[in-house]
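*Asks:* Give me coordinates for this.
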Amino acid sequence: MSKKLDWLRGSFTPIVTPLRGGKIDYASFERLVEHQIAGGSHGILVNGTTAEPSLLTLSERNELAAVAVNAAGGRMPVIVATGSQSLEETLVLTESAARSGAAAVLVVTPYYVKPPAAGLVEYYAKVGASVDIPLLLYHIPGRAAVSVNVDTLCAIKDRVPHFVGMKHAVNDLALVTEALAKLTPDFRVFVGLEELSFPMLAVGAAGLMNAVGNLLPAKVATLCETVRAGDLEAARRIHFELFELNQAIFFETNPIPLKYMMKKLGLLELNEHRLPMISASAKLAERLDQVLRRAGLIV
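*Replies:* Reported below is the predicted structural model:
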């Protein structure tokens, strides 16, 4: 699997969804894809948490996936997040992503219902049977209220040969070690918790799905490359350079701070959201401006 999936490592930036007047601004979205390519990201993630997918319709999510693949034009792989709260919606999104040319799909644990482990295994077996492209599990218990352990991951792997990895968005380094030990180092763990980017990479994670990549794609990609090259001292320096920006992502619910910072840096014309998400308050904006100043990104 390692050689076949050599492309599946490094920085896969979870791109935001630009909005204008309540509608998706696809032209701006295409520019964001180009920004990632120019910045040296190893790939992109579409419809991840940072894209506010639960506030989008199924048709909008499918269209974003198709637009991303077309905009990338084979220059970088596109992973599409296709999980929803129901199996039927997840299947619709997953099958559509595969038809659009997604390199892989990322499927969040079905949220709110708090399923048992056996139900999760069956769920992923059904999703895996619907496509033949690489499948990754999205583990984000803070939002989904669902946790997985290494036994569940192994059980899914037994049922789905192309289950190749996970996005891990929780403060749990032990699970990373357990997964790599039991599922071999070829199992692709992507860091989904910005503050733990460097520590998880050092343990053996394959890459990052870091929202800060929207702001500084080159630096986040370099962090991945530096760890892989074994230069942990240089990687540690990058870790500290990114640390406050990583923290700022969670000053308010992601991507409220991120969209504000992207607008401030000219990467977005508008930091618009759909309710119940709202744009950054004046107080939050000032706090974020201070972070950007200390990072040397604005004067």
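*Asks:* hey, let's count contacts and neighbours off CA atoms from now on
*Replies:* Noted.
*Asks:* And the strands in the stretch 1-150 of the chain?
*Replies:* 10-14, 19-20, 23-24, 43-46, 78-81, 104-108, 135-139 (DSSP state E, counting those that start in this stretch).
*Asks:* Determine which stretch of the ones you listed is the most buried.
*Replies:* Among the strands of the stretch 1-150 of the chain, strand 78-81 has the highest mean neighbour count (mean count of other C-alpha atoms under 10 Å), at a mean of 30.
*Asks:* if we look at that one, which residues are touching it?
*Replies:* Contacts of strand 78-81 with the rest of the structure, by C-alpha atoms under 8 Å, 6 or more residues apart in numbering, involve 43-48, 65, 68-69, 72, 97, 102-108.
*Asks:* quick one: strands adjacent to that strand?
*Replies:* strand 43-46 (parallel), strand 104-108 (parallel) (DSSP bridges).
*Asks:* measure Glu272 to Pro257 for me?
*Replies:* Going from Glu272 to Pro257 by C-alpha to C-alpha, to the nearest Å gives 11 Å.
*Asks:* What of Tyr124?
*Replies:* For Tyr124, the distance to Pro257 - C-alpha to C-alpha - is 32 Å.
*Asks:* now swap in Glu225 and tell me
*Replies:* Distance from Glu225 to Pro257, by C-alpha to C-alpha: 27 Å.
*Asks:* what does Ser96 give?
*Replies:* Counting by C-alpha to C-alpha - Ser96 and Pro257 are separated by 31 Å.
*Asks:* Walking through the stretch 151-299 of the chain, point out its strands one by one.
*Replies:* Counting by DSSP E, counting those that start in this stretch, the strands of the stretch 151-299 of the chain are 163-168, 188-191, 207-208.
*Asks:* Now do the helices in the stretch 1-150 of the chain.
*Replies:* Taking DSSP state H, counting those that start in this stretch, the helices of the stretch 1-150 of the chain run over residues 26-39, 58-72, 87-100, 117-130, 141-144, 150-159.
*Asks:* Which residues are in contact with the residue nearest to Pro217 when sequence neighbours are not counted?
*Replies:* Leaving aside its sequence neighbours, Pro217 sits nearest to Gly39 (C-alpha to C-alpha, 6 or more residues apart in numbering; 5.1 Å). By C-alpha under 8 Å, 6+ apart, the residues touching Gly39 are 216-218.
*Asks:* Kindly report the same for Met261.
*Replies:* 215, 288-289, 292.
*Asks:* can you list the weak-confidence ranges in the stretch 51-200 of the chain?
*Replies:* Within the stretch 51-200 of the chain, no range satisfies pLDDT under 70.
*Asks:* swap the cut-off to 90 and go again
*Replies:* Where the stretch 51-200 of the chain drops to pLDDT under 90, the residues are 185.
*Asks:* which residues does the spatially closest residue to Asp132 that is not a sequence neighbour contact?
*Replies:* Spatial nearest neighbour of Asp132, excluding adjacent residues (C-alpha to C-alpha, 6+ apart): His162 at 7.0 Å. By C-alpha under 8 Å, 6+ apart, His162 lies in contact with 128, 132-135.
*Asks:* still on that earlier bit, mind checking which of the contacts of Gly39 are in helices?
*Replies:* 217-218 (DSSP state H).
*Asks:* can you list the contacts of Gly39 in a markdown table and add neighbour count?
*Replies:* As requested, those are exported to a markdown table (neighbours: other C-alpha atoms under 10 Å):
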| residue | neighbour count |
| --- | --- |
| Leu216 | 19 |
| Pro217 | 23 |
| Ala218 | 19 |
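*Asks:* Return the closest of the contacts of Gly39 with respect to Met166.
*Replies:* Nearest to Met166 among the contacts of Gly39: Pro217, at 21.1 Å, using C-alpha to C-alpha.
*Asks:* In contact with the closest one, which residues?
*Replies:* 13, 36, 39-41.
*Asks:* Relative to Leu173, which of those is nearest.
*Replies:* Each of these was checked against Leu173 using C-alpha to C-alpha; the closest is Thr13, at 21.2 Å.
*Asks:* quick one: contacts of stretch 277-287?
*Replies:* 251, 256-257, 260, 271-273.
*Asks:* got the buried residues for it?
*Replies:* 279-280, 284-285 (16 or more other C-alpha atoms under 10 Å).
*Asks:* Alpha carbons only: can I get that stretch in PDB?
*Replies:* These are the backbone C-alpha positions of stretch 277-287, laid out as PDB (Å, rounded to 0.1, in the frame of the first residue of the first chain):
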ATOM      1  CA  MET A 277     -22.700  30.700  12.200                       C
ATOM      2  CA  ILE A 278     -21.900  34.400  12.200                       C
ATOM      3  CA  SER A 279     -19.000  36.600  11.200                       C
ATOM      4  CA  ALA A 280     -16.400  37.600  13.700                       C
ATOM      5  CA  SER A 281     -17.400  40.300  16.200                       C
ATOM      6  CA  ALA A 282     -15.400  43.500  16.600                       C
ATOM      7  CA  LYS A 283     -13.800  42.100  19.800                       C
ATOM      8  CA  LEU A 284     -12.700  38.900  18.100                       C
ATOM      9  CA  ALA A 285     -11.500  40.800  15.100                       C
ATOM     10  CA  GLU A 286      -9.100  42.900  17.200                       C
ATOM     11  CA  ARG A 287      -7.800  39.800  19.000                       C
END
